[in-house]
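**Q** no letters, just coordinates:
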Ligand SMILES: *Cc1c(COP(=O)(O)O)cnc(C)c1O
């Protein structure tokens with residue numbers, strides 16, 4: 001049974017059927033999925049959810065599928081880690097990491113949106129799936145397409161990290177690297193989508209795809225015992241996840257799973273690509289596109305499709321945003337690794353560093369509950385930290401050699417893992 005009523009234009013409100021459509025014919029606004037919340041409220045309960053398998057489909061009534069899920073049966077339900085050591089360094093009382101760096105199967109938040117999009121692509125009868133990606137999305141689409149036996153073409157900007165390129169290629173899609181940045185890739189993909197009739201997960205399936213991001217928020221609420229943190233910090237690239245966290249919190253309240261949807265949402269961006277943060281600070285609704293220049297390649301989108309909705313959700317929730325330099329991003333990656341044992345990529349380093357900055361500025365109070373979303377995995381982007389970590393000490397295989405080395409090491413630094421440097 002499906003609780004989806006149809007699609008609706010976010011701007012003019014015109015209704016559309018549940019089809020692979022994404023823009024309004026009248027006003028060119030984006031289309032969004034509409035649900036029957038009264039029916040969901042009757043059908044769904046905390047107990048019912050608790051009985052289900054630990055994957056993102058445990059919230060299936062609030063996801064846009066008709067019938068059974070066809071993909072992502074092991075995606076989602078990532079750990080919410082109580083971060084005592086990082087909390088101590090940041091000087092806050094109650095800190096958690098929502099750890100999508102270990103999402104299944106491709107180690108980023110994108111496995112959520114892709115699970116829903118591929119399930120939908122199969123429902124609609126598409127045989128070829130595709131995407132315009134900064135790297136993680138391509139990895140996830142390629143993996144899910146392999147599992148589902150679909151043809152797959154992924155489009156990325158030229159010059160991505162090895163881990164991101166091989167992290168798609170291994171699944172056997174056709175990878176097309178475009179000379180230019182993500183915004184060039186995206187523009188080309190709109191034209192290809194129209195001409196070839198493929199399921200572009202983040203273009204013509206975007207209304208369905210984007211709904212998958214809500215599961216990150218559903219899980220945070222459930223993992224906190226069906227309440228929300230006071231503050232959540234998440235990176236923004238194209239602007240999908242942040243407004244969907246806001247929508248998800250409101251939905252949980254509407255269907256009676258939580259009492260209050262109050263939670264301040266903060267956007268995290270790299271200084272080398274921070275169009276949303278710039279607009280927030282200027283107090284404008286207009287996003288001025290920028291040319292990205294940052295090591296945080298997975299969030300380097302200079303002309304974000306849903307940037308306006310990020311601003312709206314941040315403001316409505318009472319949150320804010322900040323940006324951090326590449327140097328601060330690397331410090332954020334190392335800080336998270338050395339306090340919590342979690343290795344994230346530059347996007348996650350951005351999330352940690354921005355949280356740190358907002359706490360230092362007093363924008364996020366130290367005595368309230370905080371979740372930092374960590375959205376990607378560091379093993380895919382070794383290049384970004386290779387120069388910032390200690391090299392192995394090379395010795396011969398004799399005890400004497402180690403004794404000498406140890407004497408030297410023990411003098412300068414004890415073996416204990418220190419949080420900062
Ligand atoms: C895509 C991505 C994001 C956020 O992107 P949105 O387009 O704003 O949803 C954050 N972190 C990582 C690692 C990503 O790959």
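**A** Perfect, I can see it now. Everything numeric here is computed off the predicted structure, so don't read it as measured data. Numbering: from 1, shown residues only.
**Q** centroid residue for this structure?
**A** Residue closest to the average C-alpha location in the chain (Cα atoms, centre = their mean): residue 109, at 4.0 Å.
**Q** is it true that it touches residue 348?
**A** No - Residue 109 is not in contact with residue 348 according to Cβ atoms under 8 Å; the separation is 9.9 Å. To be clear about C-beta, it is placed using only N, CA and C from the backbone, and glycine gets the same treatment.
**Q** common neighbours of these two, please.
**A** Common neighbours of residue 109 and residue 348, counting by Cβ atoms under 8 Å, 6 or more residues apart in numbering, are 375-376.
**Q** residues in contact with the residue of the stretch 251-400 of the chain found nearest the ligand?
**A** Using Cβ to the nearest ligand atom, the closest approach of the stretch 251-400 of the chain to the ligand is made by residue 376 at 2.9 Å. Neighbour list for residue 376: 100-101, 107-109, 136, 298, 344-345, 347-348 [criterion: Cβ under 8 Å, 6+ apart].
**Q** can you tell me which of the residues you listed are in strands?
**A** Using DSSP state E, no member of the contacts of residue 376 sits in strands.
**Q** okay, and which of these map to helices?
**A** Using DSSP state H, the subset of the contacts of residue 376 located in helices is 136, 347-348.
**Q** and the pLDDT for the residue nearest to the centre of the chain?
**A** Looking at residue 109, its pLDDT stands at 98.
**Q** what residues are up against it?
**A** Residue 109 makes contact with 100, 103, 136, 213, 216, 241, 373, 375-376 under the criterion Cβ under 8 Å, 6+ apart.
**Q** next: residue 375.
**A** Residue 375 neighbours (Cβ under 8 Å, 6+ apart): 100-101, 108-109, 234-235, 241, 344, 347-348, 351.
**Q** let me know the secondary structure of residue 319.
**A** coil (DSSP: H, G, I helix; E, B strand; the rest coil).
**Q** give me the phi and psi angles of it.
**A** According to degrees, to the nearest 10, the main-chain angles of residue 319 amount to phi -90, psi -160.
**Q** wait, it touches residue 268, no?
**A** No - using Cβ under 8 Å, residue 319 is not in contact with residue 268; the gap is 10.8 Å.
**Q** more neighbours, those two?
**A** The neighbour count for residue 319 versus residue 268, taken as other Cβ atoms under 10 Å, is higher for residue 268 (34 against 23).
**Q** quick one, what contacts that one?
**A** Taking Cβ under 8 Å, 6+ apart as the contact definition, residue 268 lies against 233-236, 321-324, 350-351, 353-355.
**Q** how about low-confidence regions in the protein?
**A** Scanning the chain for pLDDT under 70 picks out 1, 413-421.
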